[in-house]
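[1] Need coordinates for the following:
(2 chains)
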Amino acid sequence: MLRLAQTLEAQLRAAMERAFPAAAAEAQAAGRALDPQLAPASKPEFGDFQANGALPLAKPLGLPPRQIAAAIVAELAAEPALAELCLEPVIAGPGFINLTVRPERLAAELAARLADPRLGVPSVADPGRVIVDFSSPNIAKEMHVGHLRSTIIGDALARVLEFRGHRVLRLNHVGDWGTQFGMLITHLKQVAPEALETADAVDLGDLVAFYRQAKQRFDTDEPFQAASREEVVRLQGGNPLSLKAWGLLCDQSRREFQAIYDRLAIQINERGESFYNPELQAVVDDLSAAGLLVVDAGAGCVFLEGVSGKDGQPLPLIVQKSDGGFNYATTDLAAIRYRLAPQPAGDGAQRVIYVTDAGQASHFAGVFQVARRAGWIPAQASVEHVPFGLVQGDDGKKLKTRSGDTVRLKDLLDEAVERAGADLRRRLVEEDRLEAESFMAQVATTVGIAAVKYADLSTNRITNYQFSFDRMLALSGNTAPYLLYAVVRIAGIARKGGDLEGDVASLRFGEPQEWALVRELLKLDVVIAEVEQELLPNRLCGYLFELCQVFNRFYDQVPVLKAPPEARGSRLALCRLTAATLKLGLGLLGIPTLERM
RNA sequence: GGGGCUGUAGCUCAGCCGGAUAGAGCGACGGUUUCCUAAACCGUAGGUCGUGGGUUCGAGUCCCGCCAGCCCCGCCA
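    Take a look at the predicted model:
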């Protein structure tokens, strides 16, 4: 529908310009064109598209809007190309022009979709390097729900961008550098030295406990604090023993992270904060050379423009601590500089997307501003913070376990799978079905993980979202199980003798449920383009949900296998394209589908 | 004190560039199974879009004020 809409828009604009040449000339003089304001019809009874462009012209032209609409429609009538696409335009309400695409055009579009492995979604003409920075857990800490959101959303956005043909670099900016390692290594030297010399001497759970102890000592024990700072200096200076210990700790955490990524089917390349260590001094030097660096209270600062702090004073971004050390702002600046720098010295990215929680919005605004002022962001490049809200429990507060601890990602996924399995077993008993253990395990895993992912992706990421196993695993509503079930229904039709790969040369539709499904299927390209632009996966979820509802209505009211011969092929084609669309759409969300469940 | 985000049906949420009578789902209530998995479908009830102004032919959407919740604000990330 994307190309169709573009064609219609061009024809409408031309008609407006012919009908009101003076207004068109005036608009052009002001550097714009008349806008037909073409949009999808707000209700099915209005047709496929509505053009609202007549209304804003009413005042400048001093004419009633319906009269303006009539003039535009009269010009459209003189254009045979439009009549080939649409039925007679209808003027409605205060002056909307409603357009209904000719059924034979819709059927032709549908046939083209069926023949296209990309289902009508075009690839970008000039693929650029796009970096998606997501997940980014911290070494020696458990992954938690905050990382889950970043991981799931980042992966989905990367998948959409990849599908559109961009060259995507998925980066895991893990927290593997900095003060916390001084603490941890110093503490381990005293209580568990074997962990610093032998792989696998401790597991991540132990490491997390050690980290907690180390943090506590750091906050209360001054000699320990001093020893930790010395250890950081040794590490950052490249001391072999410190580096070895650091490497072991990272390996330990890395294995745990990888286990999670494997379960979630996430591809990501680790490039942690330590990667930028050699660049940090140069970053500060560059800022100094650019005249941006100010030493204030011993710390190296860049004062931000347009942002004031507590007493109306300008707010600094601290890039070098008073002890000479660097912090996360320095690392983020080094990263942005490297990512946007041309190859081979950098990544040569044209677009960098940071998927982190909304709480970091002002941090990134500061980093972006400094990078821009330092001249590190080329004119044609863009950097975007893609923020997301908190994961909350049923109480509306940050999600915690009953004992008040952070929820471990592993436990959360386990519980989702376990609940999905319990649901399945209950249904099997109710329906008197007998299935193999392997089947049940496969379904439980797929449904459980899908439910967690979909729940996260289906709400607008900017708002906080309430985590609820009951809601995400519900079999109806805007949930993964509901969508997966629609795919299963179609697979059932194929299994019972429907040849989904059959001939689609002559598609014929009669029932309103068929046309509703045709129209819904044709929206895919528009939705994908929107997600790429707005970076909002929930738009795709909303579309897939709507598609399933339309399909289920069709399935309920229109027989497929028992359809009369002349309708059967067309209905099977609808089923095939619906399944393909759902598989593609869910695939872009990182969710695999099932044949039976 | 400054800044950001949020506030829409009992609950969880959509709502695109400002467009027609504000939409889903859940829950509630009432229906539908000789038929491809009823994990479905159909219907009913449910709204002062936090609040007060403003801009506009038209505001849930844009602007200003206020209220409430969450988050950030010099050497953690």
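
[2] Going by C-alpha atoms from here, please, whenever you check contacts or count neighbours.
    Will do.

[3] What mean pLDDT does stretch A:86-101 get?
    Averaging pLDDT along stretch A:86-101 gives 93.

[4] let me fix that: stretch A:69-77
    Rounded to a whole number, the mean pLDDT of stretch A:69-77 is 93.

[5] Name the residues of it that come out as buried.
    Applying a neighbour-count criterion of 16 or more other Cα atoms under 10 Å, one finds A:A69, A:A70, A:A71, A:I72, A:V73, A:E75, A:L76 buried in stretch A:69-77.

[6] can you check stretch A:291-302 too?
    Using 16+ other Cα under 10 Å as the burial criterion, the residues of stretch A:291-302 that qualify are A:L292, A:L293, A:V294, A:A299, A:G300, A:C301, A:V302.

[7] so who does the closest residue to the fourth one other than its chain neighbours touch?
    Leaving out its chain neighbours, the residue that sits closest to A:A299 by Cα to Cα, 6 or more residues apart in numbering is A:S322, at 4.3 Å. Applying Cα atoms under 8 Å, 6 or more residues apart in numbering, we find A:S322 in contact with A:A297, A:G298, A:A299, A:G300.

[8] Please tell me how far the third one sits from RNA strand B.
    Spatial separation of A:A299 from RNA strand B under the definition Cα to the nearest atom of the strand, to the nearest Å is 4 Å.

[9] bridging residues for that residue?
    A:D296 (DSSP bridges).

[10] Verify the contact between it and A:I318 for me.
    Yes: under the criterion of Cα atoms under 8 Å, A:A299 makes contact with A:I318 at 6.7 Å.

[11] Could you pick out which of the buried residues of stretch A:291-302 are located in strands?
    Among the buried residues of stretch A:291-302, the members falling in strands (DSSP state E) are A:V294, A:A299, A:G300, A:C301, A:V302.

[12] A:P342 against A:G348, yeah?
    Yes: under the criterion of Cα under 8 Å, A:P342 is in contact with A:G348, at a separation of 4.1 Å.

[13] Give me the more crowded residue out of the two.
    Neighbours were counted for A:P342 and for A:G348 using other Cα atoms under 10 Å; A:G348 has more, 20 against 14.

[14] List the contacts of the more buried one.
    Applying Cα under 8 Å, 6+ apart, we find A:G348 in contact with A:R129, A:R339, A:L340, A:A341, A:P342.

[15] hang on, the first one packs against A:R167?
    Yes: taking contacts as Cα under 8 Å, A:R129 lies within contact range of A:R167: 4.8 Å.

[16] Please determine how far the most centrally placed residue in chain A is located from RNA strand B.
    Centre of chain A computed as the mean C-alpha position; nearest residue by Cα atoms, centre = their mean is A:L157, 3.4 Å away. From A:L157 across to RNA strand B, the span is 15 Å (Cα to the nearest atom of the strand).

[17] who's in contact with that residue?
    When contacts are counted by Cα under 8 Å, 6+ apart, A:L157 is found next to A:V132, A:E532, A:L535, A:P537, A:L589.

[18] Go again with 7 Å.
    By Cα atoms under 7 Å, 6 or more residues apart in numbering, the contact set of A:L157 is A:L535.

[19] Next: A:I72.
    If you count contacts by Cα under 7 Å, 6+ apart, then A:I72 has A:A15, A:M16, A:A19 around it.

[20] since we're on the first one, how many residues are nearby?
    In this case it means A:A15. Neighbour count of A:A15, defined by other Cα under 10 Å: 22.

[21] That one reaches A:A74, doesn't it?
    No: judged on Cα atoms under 7 Å, A:A15 makes no contact with A:A74 at a distance of 8.4 Å.

[22] Excluding its own residues, what touches stretch A:62-69? List them.
    Outside of stretch A:62-69, the residues within contact range by Cα under 7 Å, 6+ apart are A:A54, A:L55, A:A58, A:I91, A:P94, A:G95, A:I97.

[23] And the contacts of A:G348, which of them are buried?
    Burial by neighbour count, 16+ other Cα under 10 Å: within the contacts of A:G348 this picks out A:R129, A:R339, A:L340, A:A341.

[24] could these go into CSV alongside pLDDT and distance to A:L2?
    Converted to CSV, these look like this (pLDDT from 0 to 100; distance: Cα to Cα, whole Å):
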residue, pLDDT, distance to A:L2
A:R129, 96, 24
A:R339, 97, 33
A:L340, 97, 32
A:A341, 96, 34
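
[25] How is chain A divided into domains?
    Using automatic domain parsing, the domains assigned to chain A come out as A:2-101, A:129-174+A:273-391, A:179-260, A:409-588.

[26] and the end-to-end length of the second one?
    To tie it back to what came earlier, the one meant is domain A:129-174+A:273-391. Using Cα to Cα, to the nearest Å, the end-to-end distance of domain A:129-174+A:273-391 comes out at 31 Å.

[27] what's the spacing between it and its chain's center?
    Distance, stretch centre to chain centre, for domain A:129-174+A:273-391: 19 Å (Cα atoms, centre = their mean, to the nearest Å).
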